[in-house]
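S.K.: predicted model and sequence below, questions to follow.
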Amino acid sequence: MNRTVAGAAITSALGDFCYETTTVILPGFLAVLGIPAAALGLIEGIADAVASFTKMVSGYIADKLGHRKLLVLAGYGLTPLGQALIALAVGWPLILLGRMVSWFGKGLRGPLRDAIVIQAVSPETRGRAFGFHRAADTVGAVLGPLLGVTLLGLAQGWHWSDDAGPFRFVLWLSLIPGVLAVIAFLTLVQDPQHSPNPALKFFGSLRGLPSRFKRYLGAVGLFGVGDFSHALLILAATTLLTPSMGVVQAAQLAGLLYVWRNVVQVAASWPVGWLADRVGHLPVLVAGYSLGITTAALTALAFWWDIDSVPLLAGIFLIAGLYVAVQEALESTVTAEMVQADTMTMSIGALGTVNGAAKFLSSASVGVVWTAVSPVLAFALVAGFMLAGTFALLRVRA
């Protein structure tokens, strides 16, 4: 624990407080605007793709120029700007633009912030440092949606010109922690010594990455094709609960289930890092990927049996929280074990690019297959890709 790790954790908590509030109410917001599931899948998929390609470019620029903190600050500043655009939206185009702006900022800051944290601690404590960072990050992802769902419920009793009014009210309030995140990173985080590398070539550096790391990226990408946005998991819960509760109450309860998922992630993140520091980061990551397969398969079964039981849905969200805790805490630390220090930021960016491109395919395909065929087939399909990615990761481990 040091000032940089703590400062990055506080900043991430505030940033997640901002944009996770949108994540939890966005499915309900789209529902009252009459926008279908296919649009949500495309919005989330395109936003993930924007973030992913930004990550690799920002990592390359940071390694080449040696400047990271200013880019991270710009990334955090774009998040509240994107939220404001979503709050103004009356249809899907402006929602897409707002999500793209926010996720461009997320892609800009992610690998640079992770590299700062990695270089601020010893290799022997990376798992615990990232576990702590991700736990703090997810505290914001718990408090933001929880407050958002609460305010959404309170605002239902107020007078609004249309059903979207309460959702817009929550979106505008979410800008406050987004601005505080920028201030926190500016004042608390110290970027460790990072020498510029002006001779670094983008494509040459990519070709020069270790072959084992490239196989690792292939496994992550294959798993990522099934790793759908959990905004679609919220929409799944909303859809399953709406017949018995109505859309507004179902959206609130689905939001609380997402909060529960984030609580599980908070509780699991540091123990996951502690365990990985002792038994190895890659084996624990394989176990986490197995939980991802279980999440997708159970969601498919929930639609097959038309489950509207809140405890059973809570069990699915619990497993989702466990697998995300492993994935977010360890994918970057496994990367750091496989590459050289002078290309680490770019390598983490490459990881983010592979993840985001795969998640674009996943979220878009889930939304389209859900709308065109059935949600059962959509979630069964992504479970199959997750399974293939897990087997590929086992080969990397061997």
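M.R.: Thanks, I have the structure now.
S.K.: pLDDT weak spots in the protein?
M.R.: The chain contains residues with pLDDT under 70 at 37, 64-67, 157, 192-205, 397-398.
S.K.: the longest helix along it packs against which elements?
M.R.: Counting residues, the longest helix found in the chain (DSSP state H) is helix 247-279. In terms of contacts (3 or more CB pairs under 8 Å, 6 or more residues apart in numbering; DSSP states H and E), helix 247-279 is packed against helix 3-33, helix 126-155, helix 231-245, helix 281-304, helix 310-338. All C-beta atoms are positioned from the backbone trio N, CA, C, and that covers glycine.
S.K.: starting at the chain centroid, how far to the helix or strand following the last one?
M.R.: Translated: helix 310-338. Moving toward the C-terminus from helix 310-338, the next helix or strand (DSSP states H and E) is helix 344-372. Centroid separation for helix 344-372 versus its chain: 11 Å, with CA atoms, centre = their mean, to the nearest Å.
S.K.: got the angle between helix 344-372 and helix 281-304?
M.R.: Computed by axes from the mean of the first three to the mean of the last three CA atoms, to 10 degrees, the angle separating helix 344-372 from helix 281-304 equals 10 degrees.
S.K.: how about the helix or strand following helix 344-372: buried residues?
M.R.: The helix or strand immediately downstream of helix 344-372 is helix 375-397, counting by DSSP H and E. Neighbour counts over helix 375-397 (16 or more other CB atoms under 10 Å) mark 375-376, 378-383, 385-390, 392-393, 396 as buried.
S.K.: then stretch 128-144?
M.R.: 128-144.
S.K.: with stretch 301-314 instead?
M.R.: 302-303, 307-308, 310, 313-314.
S.K.: now do stretch 209-218: distance to the chain's middle.
M.R.: 22 Å.
S.K.: meant to ask about stretch 293-302
M.R.: Distance, centroid of stretch 293-302 to centroid of chain: 19 Å (CA atoms, centre = their mean).
S.K.: one more: stretch 8-28?
M.R.: Worked out by CA atoms, centre = their mean, stretch 8-28 lies 10 Å from the chain centre.
S.K.: for stretch 77-91, same thing?
M.R.: 18 Å.
S.K.: also stretch 105-118?
M.R.: Centre to centre, stretch against its chain (CA atoms, centre = their mean), the figure for stretch 105-118 is 13 Å.
S.K.: please apply the same query to stretch 292-308.
M.R.: 21 Å.
S.K.: who touches that stretch?
M.R.: With contacts defined as CB atoms under 8 Å, 6 or more residues apart in numbering, stretch 292-308 is touched by 223, 226-228, 233, 236, 240-241, 243-244, 312-313, 315-316, 319-320, 323, 327, 374-380, 382-383, 386-387, 390.
S.K.: three-state assignment of the residue nearest to Gly352 when sequence neighbours are not counted?
M.R.: The shortest distance from Gly352 to any non-neighbouring residue, by CB to CB, 6 or more residues apart in numbering, is to Lys55 (3.2 Å). Three-state call for Lys55 (DSSP: H, G, I helix; E, B strand; the rest coil): helix.
S.K.: residues contacting Lys55?
M.R.: 107-108, 110-111, 348-353, 356.
S.K.: what are the ranges of the strands in the stretch 51-200 of the chain?
M.R.: Ranges of strands in the stretch 51-200 of the chain, per DSSP state E, counting those that start in this stretch: none exist.
S.K.: buried residues in stretch 58-78?
M.R.: 58-64, 68-69, 71-73, 75-78.
S.K.: ok, now stretch 143-152?
M.R.: Applying a neighbour-count criterion of 16+ other CB under 10 Å, one finds 143-149, 151-152 buried in stretch 143-152.
S.K.: separation between Thr239 and Thr187?
M.R.: Using CB to CB, to the nearest Å, we find Thr239 at a distance of 43 Å from Thr187.
S.K.: which of those two has more neighbours?
M.R.: In terms of neighbours (other CB atoms under 10 Å), Thr239 is the more surrounded of Thr239 and Thr187; the figures are 20 against 10.
S.K.: show me what contacts the spatially closest residue to the more buried one that is not a sequence neighbour?
M.R.: Excluding the flanking residues, the one nearest Thr239 by CB to CB, 6+ apart is Pro375, at 7.3 Å. By CB under 8 Å, 6+ apart, the contact list for Pro375 reads 236, 239, 299-300, 303.
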